[in-house]
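Engineer: Provide a 3D model corresponding to the input given below.
(chains A and B)
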There are 2 protein chains.
Amino acid sequence: MKESRRRFSASEYTQRQRKTREAMQHAELDLLIVYDPANMNWLTGYDGWSFYTHQCVVIGSDDTLFWFGRGIDAVGAQLTTDLSEDNVIPYPDHYVQSPEIHPMEYLADILQQKQLHNKKTGIEKDNYYFSARAAESLYTKLPDASFVDATALVNWQRAVKSPQELEYMRSAGTIITKVYEHIMQVVTPDMQKNELAAEISHAAITGTPEAYGDYTSIVPLMGLREEAATSHMTWDDEKLGTDSGMFLELAAAHARYHCPCSRTLYLGKPTQKYREVEKVINECIDVALDKFKPGNTCGEVATAFFSTLKKHGYEKDNRSGYPIGVSYPPDWGERTMSIRTNDTSVLEPNMTFHFMPALWLEGWGFETTESIVVTESGGECLSHVPREMLVKD
Amino acid sequence: MKESRRRFSASEYTQRQRKTREAMQHAELDLLIVYDPANMNWLTGYDGWSFYTHQCVVIGSDDTLFWFGRGIDAVGAQLTTDLSEDNVIPYPDHYVQSPEIHPMEYLADILQQKQLHNKKTGIEKDNYYFSARAAESLYTKLPDASFVDATALVNWQRAVKSPQELEYMRSAGTIITKVYEHIMQVVTPDMQKNELAAEISHAAITGTPEAYGDYTSIVPLMGLREEAATSHMTWDDEKLGTDSGMFLELAAAHARYHCPCSRTLYLGKPTQKYREVEKVINECIDVALDKFKPGNTCGEVATAFFSTLKKHGYEKDNRSGYPIGVSYPPDWGERTMSIRTNDTSVLEPNMTFHFMPALWLEGWGFETTESIVVTESGGECLSHVPREMLVKD
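Structural biologist: Numbers count the residues shown, from 1 in each chain, chains lettered A, B, ... in the order given. All right, here's what the predicted structure looks like:
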């Protein structure tokens, strides 16, 4: 590993691998093929925008641990991981995006050579990038293996954050706080949405003198006027204009660790309905943050939130949060727990969540969200953006 | 559709759907489940960063055409497509990232209701986001359907660009030209890589007075010093320093249409080896661009390029280009043809490629690349960045 690329001590990576092997033992797996780029990074440090071609980390219940990917990325694996050269295994370039041959067929040959062809093998069946064809190539080429869905096995190991991980997330929190300060300095009604996005990206990537800004796993999402009624629109050249609300769903990242934070921006004097929803949401957030304590379940947080919301006459039929940490596009969520009333996952100290009580209403919408860490005294915010509508009159 | 979100005329979308149905007929498909976000956009206009949850466009050989996605994205589908309300079909939020139930099971029920459960159905088996579990959910819930791999069927229809598409790509070309001008104005040896990335992103998203900058499907890739020996490293806070080469693999986008363009930046006085490679690559580019004529094959372009490179004593064991156009993360390539010696695809007028003769060498690397459109007089560049090393002494 190139030392300036080191994000965690060698022993922290070893500990993560041990934890994963314990979970594999529990699931009676001999081998696990890890496709999720965030899982690959968490297990080995591997970092690169190479997830558009097939690649994985293979970990065994024995001491098997290797990176498998495209030849032109192998040096990247050497620069960002502690794996020995033997354990960085490239496949030839003519396997890339070929209709005839598939990189997973090449991996199957490697597993055969290593006598790992007949194992109880976990695969992340519902992970981005683990395509149907990747799975079917493995099934065909490894008839003696038995395959088990291990979709979120590694993701679950990531739930409780280490001190170093929390430090990176707090750095991201400091960056997003500065991003919002910058927005309030520069935003005007004459600005186009893309011009605001340019300012946001510049501030987020610049970061702070202590922590550089990394790219975020989702680009800035903007809901201006009627587009605030839906959740994942990105910018075009529409002018912000006056007397209109707009939600900003943003994050900052440092060393691939994220801190999302959404606010609603209002240029002009907010109408009564915006002020009313702001008050309701802030009460809901207070109630919910208080519940982010060890021993409570995700369902209990959700129930506290949804019942407070309902008391004020609002309904929301989608989840209001999910765990966060290290991530790659297309998602900054960890895809394990959800803040839903029926989620019985029990909170532990140093779990981290994006609490996301967004309201997408009829023709408009409102977002105030917080990224938090679970502590004995409730959810502690990772960023410090004023929890109010951002108003520029 | 919200008119300010319209990118193409209704008749251009209809024409694309007709073209796709013809290809389906040729492949004897009754139905096609389209997961690739770029294909979804090309067929209907749908635009949103919602591809981190399962979604698709379903097109039939009859007049079936509907969007299927998460409830909170349905308004987005109404704002960005001409589909009728009936043909925007949302699934409930508790299907999102659930280990128990899968959105494709819900789609199977919809297909059943529409009497489309027993059709010869194309699926994009090796597309990002079409996970192994998505496929297996369909196989299980639709036992009377027969499934066929139709991975690049829609992608192939996108190969030849319309006048409006070319206009968007040329706009992206104008933006990337300005991005490089901006880089040369601001770059200094004291700058950190992330600070340069912030400047690049700001310029790319700002765009020009005529064309806003959209987000690109890959973030700026940077290969500084030893990191130039590999292809997909992103920035950290390392200082650029002096007397060092760095490749920049960048793109600009407008309305989701991309123009990638890479250059090698040298702060200081380039050494002999940089100047030598620059000369070789520029000769190779001249030779190859001349071959991007209708009637030639991708293989003929590759052979011309690789043989010129070899004449000068360099070897490259990876492909040197691919088609481009509309795209979403994680890739700006179209994933059909490749500039490889054995690719027999025949070039047609108005096909567009990223010609990518990058060299990742032992401990360093060099990139000069061009995005081109195929014309009778050879490849016409979509951007106008000086084709030379960017030197700041």
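
Engineer: lowest confidence element among the helices and strands of chain A?
Structural biologist: Every helix and strand in chain A was compared by mean pLDDT, DSSP states H and E; the lowest is strand A:359-360, with a mean of 90.

Engineer: Which residues does it contact?
Structural biologist: Residues outside strand A:359-360 that contact it (C-beta atoms under 8 Å, 6 or more residues apart in numbering or on different chains) are A:223, A:228-231, A:277, A:281, A:314, A:316, A:365-367, B:72, B:75. Backbone N, C-alpha and C define where each C-beta goes, glycine included.

Engineer: Flag every buried residue along the helix or strand where A:A23 lies.
Structural biologist: A:A23 belongs to helix A:10-26 when assigned by DSSP states H and E. Within helix A:10-26, the residues that qualify as buried are A:12-13, A:16-17, A:19-21, A:23-24, counting by 16 or more other C-beta atoms under 10 Å in any protein chain shown.

Engineer: Out of those, which is nearest to chain B?
Structural biologist: Among the buried residues of helix A:10-26, A:A23 lies closest to chain B (C-beta to the nearest C-beta), at 14.9 Å.

Engineer: distance of that closest one from A:N118?
Structural biologist: Here the criterion is C-beta to C-beta, to the nearest Å. By it, A:A23 lies 22 Å from A:N118.

Engineer: Please apply the same query to A:K279.
Structural biologist: A:K279 is 62 Å from A:N118, by C-beta to C-beta.

Engineer: Looking at the two, which is more packed in?
Structural biologist: Per other C-beta atoms under 10 Å in any protein chain shown, whichever of A:K279 and A:N118 has more neighbours is A:N118, with 15 against 12.

Engineer: And the pLDDT for the closest residue to the more buried one other than its chain neighbours?
Structural biologist: Of all residues not flanking A:N118 in the chain, A:D144 sits nearest, at 3.8 Å (C-beta to C-beta, 6 or more residues apart in numbering or on different chains). We have a pLDDT of 98 for A:D144.

Engineer: what's the burial count for A:D144?
Structural biologist: Neighbour tally, A:D144, other C-beta under 10 Å: 8.

Engineer: wouldn't it be in contact with A:T121 here?
Structural biologist: No - with contacts counted by C-beta atoms under 8 Å, A:D144 stays clear of A:T121, the gap being 10.4 Å.

Engineer: Can you tell me the number of residues neighbouring A:T53?
Structural biologist: 20.

Engineer: Now it: closest residue in space that isn't a chain neighbour?
Structural biologist: A:R70 (4.9 Å).

Engineer: ok, the one you found touching A:Y91?
Structural biologist: Yes - using C-beta under 8 Å, A:R70 is in contact with A:Y91, at 6.4 Å.

Engineer: who touches both of those two?
Structural biologist: What both A:R70 and A:Y91 touch, as defined by C-beta under 8 Å, 6+ apart, is the set A:P103.

Engineer: just to revisit the earlier point, burial measure for the residue nearest to A:T53, as a count.
Structural biologist: When neighbours are counted by other C-beta under 10 Å, A:R70 comes out with 23.

Engineer: Quick check: it vs B:N296, distance?
Structural biologist: Counting by C-beta to C-beta, the gap from A:R70 to B:N296 is 27 Å.

Engineer: ditto for A:R256
Structural biologist: 42 Å.

Engineer: and if you look at A:Y13?
Structural biologist: Distance from A:Y13 to B:N296, by C-beta to C-beta: 49 Å.

Engineer: which stretches of the stretch 201-350 of chain A form helices?
Structural biologist: With helices called from DSSP state H, counting those that start in this stretch, the stretch 201-350 of chain A shows them at A:272-291, A:298-311.

Engineer: out of the ones you listed, deepest packed?
Structural biologist: Compared across the helices of the stretch 201-350 of chain A, helix A:298-311 shows the largest average neighbour count, a mean of 20 (mean count of other C-beta atoms under 10 Å in any protein chain shown).

Engineer: Leaving out sequence neighbours, find the closest residue to the residue positioned nearest the centre of chain A.
Structural biologist: Nearest residue to the geometric centre of chain A (C-alpha atoms, centre = their mean): A:W332, 1.9 Å. Excluding its sequence neighbours, the residue lying closest to A:W332 (C-beta to C-beta, 6+ apart) is A:S217, at 4.1 Å.
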